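> From the sequence below, what's the structure:
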Amino acid sequence: MNVPQNVLHTVYGSKPEDWKQHSHGGGWIYKTATVETSAYLHPNSIVYGYARVYGNARVYGNAQVYGNARVYGNAQVAGNAWVYGNARVYGDARVYGDARVYGDAQVYGNAQVAGDAWVYGDAWVYGNARVYGNARVYGDAWVYGDAWVYGNAWVYGDAWVYGNARVYGDAQVAGNAQVYGNAWVYGNAWVASPPYIQGSRHALTLCSLTQIAVGCHVHKITEWLARYKAIGRSEGYTAEQVAEYGRHLAYLAAIAKRLQTAAKKDAKKETK
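I've put the predicted structure just below:
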């Protein structure tokens, strides 16, 4: 059998006799994987590992399904998408573009994961939910109903986003937070329990990963660190109070940096 080199290279050391073409579409199946005849595999698609594709599922384009993943029902995996690990894609769900669904994640119902979005860990995306762009949904997070998560947004931890909610831009929803109804979270906002300090004059709140509020003044962290002395003097702060607030601002800035770093590390760990 004339097996393409890119197919052979998918599984290290595999031989032409380890592969077969699916009778419905001509996609390639490794000897340990299972694809039922009711499913469809596009000629450029590949299923390997111990993955299973069954029911009326469709795998199109250059998509790959592997590991212990399952794609079934009327689900579609298309484009350059990958579904792997112990992931499940089923119902009428669609995963396409350059999307990745992996780990123990589940995408089902009429949900769609598209673009460069990743859904992983123990996350669930279901209902009519949409996750796309460069969005990340991971941990034990749930996105469901008619909710959309897109742009560079991250939803993780035990967070829920549902209803008609929208989370986008560089927003982050984490911890046990819930965003629902018609709520929109966007820009650099984040939803969790924000760090708060009660100073001798005004309270300070880390209101996003890039902004701090002091009283009624809200500025980017970089601006606070550069101008807090001048702002403090304009508000009638004493020299001692200005110094105090400089320490508070530095502390909150360090927390923001640590939160950003931790979230990025969590994302990288899940990809390994």
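> tell me the domain boundaries of the protein?
The chain breaks down into these domains under automatic domain parsing: 1-109, 117-193, 196-271.
> and those, which is most packed in?
domain 117-193 (a mean of 21; mean count of other C-beta atoms under 10 Å). Bear in mind the C-beta positions are built from the backbone N, C-alpha and C, glycine included.
> can you give me the helices for the stretch 151-272 of the chain?
In the stretch 151-272 of the chain, the segments counted as helices under DSSP state H, counting those that start in this stretch are 221-234, 239-271.
> Can you tell me how far residue 142 is from residue 174?
Distance of residue 142 to residue 174, computed by C-beta to C-beta, to the nearest Å: 13 Å.
> Report the set of residues contacting both of these two.
residue 159 (C-beta atoms under 8 Å, 6 or more residues apart in numbering).
> Identify the residues contacting residue 96.
Contacts of residue 96 by C-beta under 8 Å, 6+ apart are 60, 61, 63, 76, 77, 78, 79, 81, 112, 113, 114.
> residues touching residue 205, list them.
194, 195, 196, 197, 212, 213 are the contacts of residue 205 under C-beta under 8 Å, 6+ apart.
> correct me, but residue 61 touches residue 45?
Yes. In terms of C-beta atoms under 8 Å, residue 61 counts as a neighbour of residue 45; the distance is 6.7 Å.
> Low-confidence ranges, this structure, go.
Scanning the chain for pLDDT under 70 picks out 1, 190, 192-194, 207-208, 263-272.
> follow-up on the earlier one: from the contacts of residue 96, pick the one nearest residue 206.
residue 113 (30.6 Å; C-beta to C-beta).
> I'd guessed that closest one sits against residue 119; true?
Yes. The pair formed by residue 113 and residue 119 meets the contact definition of C-beta under 8 Å, at 5.4 Å.
> Which neighbours do those two have in common?
Residues touching both residue 113 and residue 119 (C-beta under 8 Å, 6+ apart) are 99, 101, 107, 125, 131.
> The first one contacts residue 115, doesn't it?
Yes. The pair residue 99 / residue 115 is scored as a contact, 6.5 Å apart, by C-beta under 8 Å.
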